[in-house]
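Visitor: sharing a model prediction with you, sequence too.
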Amino acid sequence: MFTRAETDWCCRLVELAREEDLEPAGDLTSLAVIPAGMEGQAAFVARAKGIVAGLPAAQIAVAAIDCRLQFQPVADIADGKLVQPGQPLANVAGPMSGILAAERMALNFLQHLSGIASLTRQYVDAIAGLPAQILDTRKTTPGWRLLEKYAVRQGGGHNHRFGLFDGILIKDNHLEALGIGREGIAQAVAAARDKVGESVPVEIEVDSLDQLDRALNCSPDIVLLDNMPPDLLREAVRRRNAAAPSILLEASGGITLETVRDIARTGVDRISVGALTHSAPALDIALDYRTMPKGKRQRTKRKT
């Protein structure tokens with residue numbers, strides 16, 4: 001389910017992970033205690049309820065350790081699927097030393113991405129029946145953004161801009177740097193529109209209703225309502241509906257699972273939540289060894 005870009009980026013991350021785990025001496029424990037040529041099999045198993053994400057990453061990680069390892073997702077299990085405790089996700093078979101070397105690297109990808117997808121689904125479920133969308137932010141782990149935003153989508157969320165290159169978001173620091181403050185909202189939006197035209201979405205951050213009125217008069221695509229309580233959000237929606245109904249309103253700042261439904265009820269179109277990527281706990285997933293028949297444990301031959 002990875003795109004070409006996601007696959008390529010995952011391969012870069014896997015190579016870094018392999019290097020930090022196995023260079024320069026390899027897996028000393030397996031070299032010491034696992035007989036050469038021993039075959040084995042194991043299963044990735046969910047230990048908690050959640051949304052699985054990262055099976056393609058786990059497969060890439062396993063293959064990077066030993067191309068002879070066979071990775072196979074369990075039937076009817078794919079990224080985006082709700083899984084229960086004890087449910088197998090995928091099986092891996094082949095050289096036992098390779099399975100052991102790949103275990104932690106594959107689990108790091110699978111647990112982290114599944115944790116993001118699971119937390120995202122909780123937010124999506126919390127606003128079920130309301131029209132607002134749950135979005136991520138740029139508050140991602142350096143190097144992991146492409147995969148973390150993939151995990152958000154697997155959890156039912158939507159992606160905000162991927163970087164500074166694909167969307168304009170004018171914040172308070174931009175206005176302060178120009179020396180124009182919030183009174184310069186119209187000037188900043190006009191400059192942005194003159195630069196990119198209609199090809200890139202233009203968003204402006206406000207933190208008061210007076211600033212919202214200024215923003216609505218200069219026609220950005222989106223207005224970000226920063227840290228507004230529900231009563232102000234409702235009034236912001238009323239003013240938007242009256243003055244410029246085509247402009248999207250996005251609530252952001254300190255949003256939790258306990259508050260997100262009240263925020264969605266105000267009528268905002270988008271709710272961006274940094275916690276989806278910067279605070280998602282890993283989903284508990286383990287690799288369980290499966291006993292093989294004795295006659296099959298020594299069949300692997302090393303390639304010359």
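Guide: That came through fine. Treat the numbers as computed from the prediction; the structure is a model and nothing was measured. Numbering: from 1, shown residues only.

Visitor: C-alpha only now, for contacts and for neighbours.
Guide: Will do.

Visitor: what secondary structure does Pro245 sit in?
Guide: When classified by DSSP: H, G, I helix; E, B strand; the rest coil, Pro245 comes out as coil.

Visitor: residue contacts, it?
Guide: By C-alpha atoms under 8 Å, 6 or more residues apart in numbering, the contact list for Pro245 is empty.

Visitor: now it: phi and psi?
Guide: Taking degrees, to the nearest 10, you get phi -60, psi -20 for the backbone angles of Pro245.

Visitor: and the gap between it and Ile51?
Guide: 35 Å (C-alpha to C-alpha, to the nearest Å).

Visitor: over to Leu249?
Guide: In terms of C-alpha to C-alpha, Leu249 sits 29 Å off from Ile51.

Visitor: next one: Ser246
Guide: 34 Å.

Visitor: now swap in Ile204 and tell me
Guide: From Ile204 to Ile51 the distance is 33 Å (C-alpha to C-alpha).

Visitor: gap between the residue positioned nearest the centre of the chain and Pro142?
Guide: When C-alpha atoms, centre = their mean is applied to the chain, the residue found nearest the centroid is Glu148 (2.6 Å). Going from Glu148 to Pro142 by C-alpha to C-alpha gives 10 Å.

Visitor: then Ala190?
Guide: 32 Å.

Visitor: ok, the two, which is more surrounded?
Guide: A count of neighbours by other C-alpha atoms under 10 Å puts Ala190 above the other of Ala190 and Pro142, at 16 against 8.

Visitor: pLDDT wise, what is the more buried one at?
Guide: Ala190 carries a pLDDT score of 94 in this model.

Visitor: per-domain residue ranges of the chain.
Guide: The chain breaks down into these domains under automatic domain parsing: 4-123+282-296, 124-278.

Visitor: and the end-to-end length of the last one?
Guide: By C-alpha to C-alpha, the extent of domain 124-278 from end to end equals 17 Å.

Visitor: how far does that domain sit from the chain's center?
Guide: 18 Å (C-alpha atoms, centre = their mean, to the nearest Å).

Visitor: next one: the first one
Guide: Its chain's C-alpha centre and that of domain 4-123+282-296 lie 18 Å apart, by C-alpha atoms, centre = their mean.

Visitor: what's the answer for stretch 1-17, then?
Guide: 14 Å.

Visitor: in that stretch, which residues are buried?
Guide: Neighbour-count burial for stretch 1-17 flags Glu6, Thr7, Trp9, Cys10, Cys11, Leu13, Val14, Ala17 (criterion: 16 or more other C-alpha atoms under 10 Å).

Visitor: of those residues, just say which sits nearest to Asp136.
Guide: Taking C-alpha to C-alpha as the measure, Asp136 lies nearest Glu6 of the buried residues of stretch 1-17, at 17.2 Å.

Visitor: for stretch 56-67, which positions count as buried?
Guide: Pro56, Ala57, Ala58, Gln59, Ile60, Ala61, Val62, Ala63, Ala64, Ile65, Asp66.

Visitor: what residue ranges in the stretch 201-304 of the chain score low on pLDDT?
Guide: 292-304 (pLDDT under 70).

Visitor: 90 instead?
Guide: 290-304 (pLDDT under 90).
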